[in-house]
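Colleague: Fold the following and give me the result.
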Amino acid sequence: MIPQIIDSIERSQPRETVRVTFDDGVVLEGKVGQTIEAFLQAKQALFNAAYDTAIMGGILDGKLRELSYPIRRDGSLAPVLFSHSDGRRIYRRSLVLLLTTAVEEVFPGTGVNVGYAISGGGFYCTVTKRPPLSEAELARLAAHMHQLVEDNHPITKEIVSLEEARSYFATRGASDKLRLLEARLRDDLTLYTLRGRSDYFYGYMVPSTGYLPHFKLHHTETAFYLQYPVAESPTELREFDPETKISAVFHEAEEWLYRMGIEDIGRLNRIVRRNATQELILVAEALHEQRIAAIASTVSRQHAERGVRLVLIAGPSSSGKTTFAKRLAIQLLAHGLRPFTLELDNYFVDRDLTPRDANGNFDFEALEAVNLPLFNEHLAALVRGDAVNLPHFDFVNGKSIHGRLAQLAQNQILIIEGIHGLNPRLVYSVPRDNLFRIYISPLTALNIDMHNRVPTTDVRLLRRIVRDAATRGNDATTTLNRWESVRAGEKRNIFPYQENADAIFNSALTYELAALRPLAEPLLLQVEPKTSAHLEANRLLSFVRWVEPLAPGQRDLIPDTSLLREFIGSSILSDYHPADLQKQDQTQEIRALRQD
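Modeller: The predicted structure follows:
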């Protein structure tokens, strides 16, 4: 047996080439050390088949890599395109490096702070150490950026010791980076360099500026916006309107953080390390309560002035809609108004009438999944003061059945929470004057540092991972795998209508990342390697590990009515149903009247 085995095996010299297998079965061979960029470009050239959108990176043996990564052994390779969420992140991140480099070259000694992102595809930016840029100055900056793109300058990567990084940022006066590095556990740091200027970014870059042709700078009196392409329009910049209701809320959040002296994660970490979180938590929660009370006061006033009877609440996943609706109801009770919650899910059409998506699956998020005629008939009747037999949707059998009786008194307000709350097509039987629409989302203004922002989407995803594991039995892999579908539904059903809101509630809490980290981190570590979910888990881990976690004793300081308790647990509002006793009494009264 052994001689036969020996006969089939022979000594070989180390190969000077590597073989790369693509997801369509194509195998290419090239020299050891050839980059991912070279292999992806070679595949396009050899088969005369360009990718749908620009190449931004690659997935080599299940791991996300940048285009400049050298391949030193055989492996499987798939492109990361601009159409992928990771590809768009690489593009935006690289664009920020281009911007910060250009600012320093055109206006020496000037810094730039990259703030929040708006849904139309743009970063809100302000310059530091000088007055805001004029229109002419911004045009000069844009021209220089375009010239750097045309010249296709290389973007290089270097891993330096933590001590070297601290010394470099100290020389530059980058106090935000120095504060951030106080929480660094590893003894090294990756820096990217463009035209001799180095910076830290958490995530990969394109290999050269030629990959960044699409952007535009928009001037405002005090700042400017860096517009970038979006998934739906990868090579053209869409019409851009930066001055929106959402922008105003972001401005308000940034101003509050500035007044509190917590402009970045480094400052938050110092507060956590000093065990001085109590005041931060109390003030953040007080601001929430203040804002909810203000919205309730507006609803009460408009109930008296223009007959508001229906409050519609909408927002993307894990915004905290449920807790917000309950806290708003409590505030309305304090104004002498009796809230009545109506569940939109009970108005689903029967399962066999539910629309299907492009893959043939039931699309429960489509507006057409709601029985709009019945829903509007009931709304009109309730607003008139008529008694209505509400439906109840049996999710097991997929059928609508009879539910409880309901009738509104003059001082009652209907509260409806659902993804379609801001869509004008949802309610057509009640006059606009009788409606009040609220948009809710964690509009995070706290950034990692001046050039690395915290995406609102990531905060919501961390919330959902923690909540789903605790209350729905879903591991992080399940939540991560569903997230793209959830996001697609939000882009289709929520974000296009957010400017229809009469009020916007920012559900972000300054301290929440410190509270979420110790709960989310172990869940993310359980995601199986070399899977698509693992790519996203790694990205989130690299982000949350910059945040100093709250100790159990510090988490106990979070009030049990906090919106964050909806996700981390122990909320006293989880079993609270607004005016529940009044509903029971009301149903008995209606039945008694019908019997008479």
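
Colleague: Is F123 in a helix, a strand, or coil?
Modeller: With DSSP: H, G, I helix; E, B strand; the rest coil as the basis, F123 sits in strand.

Colleague: so who does the closest residue to A476 other than its chain neighbours touch?
Modeller: The shortest distance from A476 to any non-neighbouring residue, by Cβ to Cβ, 6 or more residues apart in numbering, is to L523 (4.3 Å). From N, CA and C alone the C-beta is placed, and that goes for glycine too. By Cβ atoms under 8 Å, 6 or more residues apart in numbering, the contact list for L523 reads I465, V466, A469, D475, A476.

Colleague: would TSV of these with distance to T101, pLDDT and neighbour count be doable?
Modeller: Output for the contacts of L523, formatted as TSV (distance: Cβ to Cβ, whole Å; pLDDT from 0 to 100; neighbours: other Cβ atoms under 10 Å):
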residue	distance to T101	pLDDT	neighbour count
I465	35	97	28
V466	37	97	24
A469	41	94	19
D475	41	95	16
A476	36	97	26
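
Colleague: Nearest to E548 among those residues?
Modeller: Using Cβ to Cβ, V466 is the member of the contacts of L523 that lies nearest E548, at 17.4 Å.

Colleague: With A520 as the reference, measure out to the closest one.
Modeller: According to Cβ to Cβ, to the nearest Å, V466 and A520 sit 5 Å apart.

Colleague: what does A231 give?
Modeller: In terms of Cβ to Cβ, A231 sits 26 Å off from A520.

Colleague: Could you give the average pLDDT over stretch 329-339?
Modeller: Stretch 329-339 shows a mean pLDDT of 95.

Colleague: about what we covered before: can you tell me which helix or strand the residue nearest to A476 belongs to?
Modeller: Assessed by DSSP states H and E, L523 sits inside helix 512-525.

Colleague: Over to P79. Which of the three states is it?
Modeller: Applying three-state DSSP: P79 is strand.

Colleague: Verify the contact between it and Y51 for me.
Modeller: Yes: applying Cβ atoms under 8 Å as the test, P79 and Y51 come out as touching, 6.0 Å apart.

Colleague: Looking at the two, which one has more neighbours?
Modeller: P79 (23 against 13; other Cβ atoms under 10 Å).

Colleague: per-residue confidence at the more buried one?
Modeller: pLDDT, read off for P79, is 97.

Colleague: which strand residues sit across from it in the sheet?
Modeller: With DSSP bridges applied, P79 shows beta-bridge pairing to G58.

Colleague: any idea how far V20 is from it?
Modeller: Distance from P79 to V20, by Cβ to Cβ: 12 Å.

Colleague: Just give me the neighbour total for the closest residue to T128 other than its chain neighbours.
Modeller: Closest residue to T128 apart from its sequence neighbours, by Cβ to Cβ, 6+ apart: G111 at 3.9 Å. A count of nearby residues for G111, using other Cβ under 10 Å, gives 19.

Colleague: So G111 versus L353, what's the distance?
Modeller: From G111 to L353 the distance is 58 Å (Cβ to Cβ).

Colleague: Check L99 too.
Modeller: 50 Å.

Colleague: Any regions of this protein where pLDDT drops low?
Modeller: The chain contains residues with pLDDT under 70 at 1-7, 579-596.

Colleague: Let me see the domain layout of it.
Modeller: 15-81, 87-243, 251-580 (automatic domain parsing).

Colleague: now the first one, how far from the centre of its chain.
Modeller: To tie it back to what came earlier, the one meant is domain 15-81. On the basis of Cα atoms, centre = their mean, to the nearest Å, domain 15-81 is displaced by 30 Å from the centre of the chain it belongs to.

Colleague: Can you give me the first-to-last residue distance of that domain?
Modeller: When the termini of domain 15-81 are compared using Cα to Cα, to the nearest Å, they are 30 Å apart.

Colleague: shouldn't Y69 be in contact with T35?
Modeller: Yes: here Y69 reaches T35: they are 6.3 Å apart, a contact under Cβ under 8 Å.

Colleague: L337: what's it in contact with?
Modeller: V299, S300, H303, N411, Q412, I413.

Colleague: Kindly report the same for N397.
Modeller: Counted by Cβ under 8 Å, 6+ apart, N397 has contacts R351.

Colleague: same thing with D575?
Modeller: Per Cβ under 8 Å, 6+ apart, neighbours of D575: none.

Colleague: what helix or strand does it sit in?
Modeller: D575 is part of no helix or strand when elements are defined by DSSP H and E.

Colleague: How about the one 3 residues further on?
Modeller: Using DSSP H and E, P578 is not contained in any helix or strand.

Colleague: coming back round to it: look up how far P132 lies from the residue nearest to T128.
Modeller: Counting by Cβ to Cβ - G111 and P132 are separated by 13 Å.

Colleague: go on, V311?
Modeller: 39 Å.

Colleague: Looking at these two, which one has more neighbours?
Modeller: Neighbour count, other Cβ under 10 Å: between V311 and P132, V311 has more, with 29 against 14.

Colleague: Please name the bridge partners of that one.
Modeller: Going by DSSP bridges, V311 forms beta bridges with I415, F436.

Colleague: backbone phi and psi for the residue nearest to T128, please?
Modeller: With angles defined as degrees, to the nearest 10, G111 sits at phi -110, psi 170.

Colleague: residue contacts, it?
Modeller: With Cβ under 8 Å, 6+ apart, G111 has these contacts: V103, V127, T128, K129, M450.

Colleague: same thing with A314?
Modeller: 321, 417-423, 437-440, 494, 497, 501.

Colleague: shouldn't E158 be in contact with S198?
Modeller: Yes: at 7.5 Å, E158 counts as touching S198 under the criterion of Cβ under 8 Å.

Colleague: Overlap of the contact sets of these two?
Modeller: Joint contacts of E158 and S198 (Cβ under 8 Å, 6+ apart) are L191, Y192.

Colleague: Which one's more surrounded, these two?
Modeller: S198 (18 against 11).

Colleague: So between A231 and A520, which is more surrounded?
Modeller: More crowded of A231 and A520, by other Cβ under 10 Å: A520, with 26 against 16.

Colleague: Regarding the spatially most central residue of the chain, what is its secondary structure?
Modeller: Nearest residue to the geometric centre of the chain (Cα atoms, centre = their mean): T457, 0.6 Å. The three-state label given to T457 by three-state DSSP is helix.

Colleague: I'd say it and V486 touch.
Modeller: No: using Cβ under 8 Å as the test, T457 is too far from V486 to be in contact (10.1 Å).

Colleague: So what's the gap between the helix holding L523 and the chain middle?
Modeller: Distance, centroid of helix 512-525 to centroid of chain: 16 Å (Cα atoms, centre = their mean).

Colleague: start the count at 26, not 1, going forward
Modeller: Sure thing, new numbering starts at 26, so read that last one as helix 537-550.

Colleague: Just the C-alphas of it, formatted as CSV.
Modeller: Taking C-alpha atoms only, helix 537-550 is exported to CSV below (Å, rounded to 0.1, in the frame of the first residue of the first chain):
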residue,chain,number,x,y,z
GLU,A,537,-25.7,54.0,23.8
LEU,A,538,-22.7,52.6,22.0
ALA,A,539,-21.0,52.1,25.3
ALA,A,540,-24.1,50.2,26.6
LEU,A,541,-24.4,48.1,23.4
ARG,A,542,-20.8,47.0,23.0
PRO,A,543,-20.6,44.5,25.9
LEU,A,544,-23.9,42.9,24.7
ALA,A,545,-23.2,42.9,20.9
GLU,A,546,-19.6,41.9,20.9
PRO,A,547,-20.0,38.3,22.1
LEU,A,548,-22.9,37.8,19.7
LEU,A,549,-20.7,39.1,16.8
LEU,A,550,-17.8,36.8,17.8
